[in-house]
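Visitor: fold the following.
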Amino acid sequence: MSEIKAVICGYYGKDNGGDEALLMSLLQMLPKQVKPIVLSGNPKQTQQRYGVTSCDRTSAFAVLKALKQSDWFIWGGGSLMQDMTSISSPIYYGGLMALAQKQGLKTIAWAQGIGPLKRNFTRWLTKQTLLGCQAISVRDSASAKLLADWELSPLIAPDPVWALEASPVKGLWDLPAPRVAVTLRPHPQLTPARLELLTKALIDFQKSTQTCILLVPFQPTQDSAIATKIASQLPGEHQIITLENPKELKGLFKGVEMVIGMRLHSLIMAAAEECRCFALSYDPKVSQLMSELNLPGWELAQLPENANQISTTWIDYYANGNALDSAQIRSLIDRALMHQELLNQMLG
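Guide: I've put the predicted structure just below:
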């Protein structure tokens, strides 16, 4: 079977654990005859980590060269087309997709979380690029509904990271048990006052449960400062754990009883490993996951103003809450593999 070259485009090479997990999931699911060229913020690291050809996502020359060498262009998962954080994201990803289509490449929007799109221009750009795709898959019902309004019928399946293989974490079982992981990230909704509240609640929670707190920066350049600040105030056993390998990041949750998480993929990874999840939502994608899986949690904007109320809720969930059952997890993993079936149909 002849080799197929495909440009893979996403938020890669930025040391974001969730997006790196999406890339690893995609590479795991690609048909063997596909040779990927990954656009990355750190091409050398991406090439070394995954054993793939990679080029600088910010170099117009390198990107154009990759497009000219390729047959396919794939948006590789995540919330690429949304304008909540900035308008630059949809312009970059939509512009590249449009350029690929203009150059005659076949295109796939894969495992996408589309929106929110508040601006008329970004809605128009997203619609036009998706209309030109050979195949589309989305990871949530809100994205599917938006596309249905545009008379598009995407494949809908759970996030591919549900199906990512997990690897053991060296030294994890040497840490005191039981363990609870915390994955916070900076965001305007996580104000200094709310971070202080959560820290006080975490201190009370640890005193009551005698748990070892694992602070896990999913994107160290952003999250480490928060983890360090919390760690300096915790009275009991704790550890800041930074992992580069997405499979190990997922495997971490095999040895954790409960996660308190903002990061979407921390909740997905933890739930997939039968870990209890308590969500702190800063974004519709997290709220959507809470709704679909019936996860307990709060919208950050509606966080209780009393640290005792927060810690009491966590303690009760730690003592009495349940993880997803194995049959539900198996179903989510099996359905996540529908994203692989789509790749096989298009590229196989």
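Visitor: so where's the stretch 1-150 of the chain uncertain?
Guide: Within the stretch 1-150 of the chain, the ranges that satisfy pLDDT under 70 run 1.
Visitor: tell me where it has helices.
Guide: Secondary structure of the stretch 1-150 of the chain (DSSP state H, counting those that start in this stretch): helices at 17-29, 43-50, 60-69, 88-102, 120-131, 141-149.
Visitor: now do the longest one and helix 60-69, the angle between them.
Guide: Put plainly, it is helix 88-102. 40 degrees (axes from the mean of the first three to the mean of the last three CA atoms, to 10 degrees).
Visitor: returning to that earlier point: most tightly packed of the helices of the stretch 1-150 of the chain?
Guide: Compared across these, helix 17-29 shows the largest average neighbour count, a mean of 24 (mean count of other CB atoms under 10 Å). All C-beta atoms are positioned from the backbone trio N, CA, C, and that covers glycine.
Visitor: quick one: buried residues of stretch 312-332?
Guide: 312-315, 317-318, 323-324, 329, 332 (16 or more other CB atoms under 10 Å).
Visitor: all helices of the stretch 201-348 of the chain, in order?
Guide: 220-231, 246-251, 264-272, 284-293, 307-320, 326-336, 338-347.
Visitor: redo the ones you listed as CSV? Include distance to Y93 and mean pLDDT.
Guide: Formatted as CSV, the helices of the stretch 201-348 of the chain follow (distance: least, CB to CB, whole Å; pLDDT from 0 to 100):
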stretch, distance to Y93, mean pLDDT
helix 220-231, 20, 98
helix 246-251, 21, 98
helix 264-272, 18, 98
helix 284-293, 16, 95
helix 307-320, 37, 98
helix 326-336, 22, 98
helix 338-347, 18, 98
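Visitor: those helices: which one's closest to D71?
Guide: helix 338-347 (8.9 Å; CB to CB).
Visitor: circling back to that earlier point, let's have the helices of the stretch 1-150 of the chain in TSV, adding distance to I268.
Guide: Listed next are the helices of the stretch 1-150 of the chain as TSV, based on distance: least, CB to CB, whole Å:
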stretch	distance to I268
helix 17-29	8
helix 43-50	20
helix 60-69	29
helix 88-102	21
helix 120-131	24
helix 141-149	15
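Visitor: same list (the helices of the stretch 201-348 of the chain) but as TSV, adding distance to W75.
Guide: TSV is the format used below for those (distance: least, CB to CB, whole Å):
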stretch	distance to W75
helix 220-231	23
helix 246-251	18
helix 264-272	17
helix 284-293	16
helix 307-320	36
helix 326-336	17
helix 338-347	12
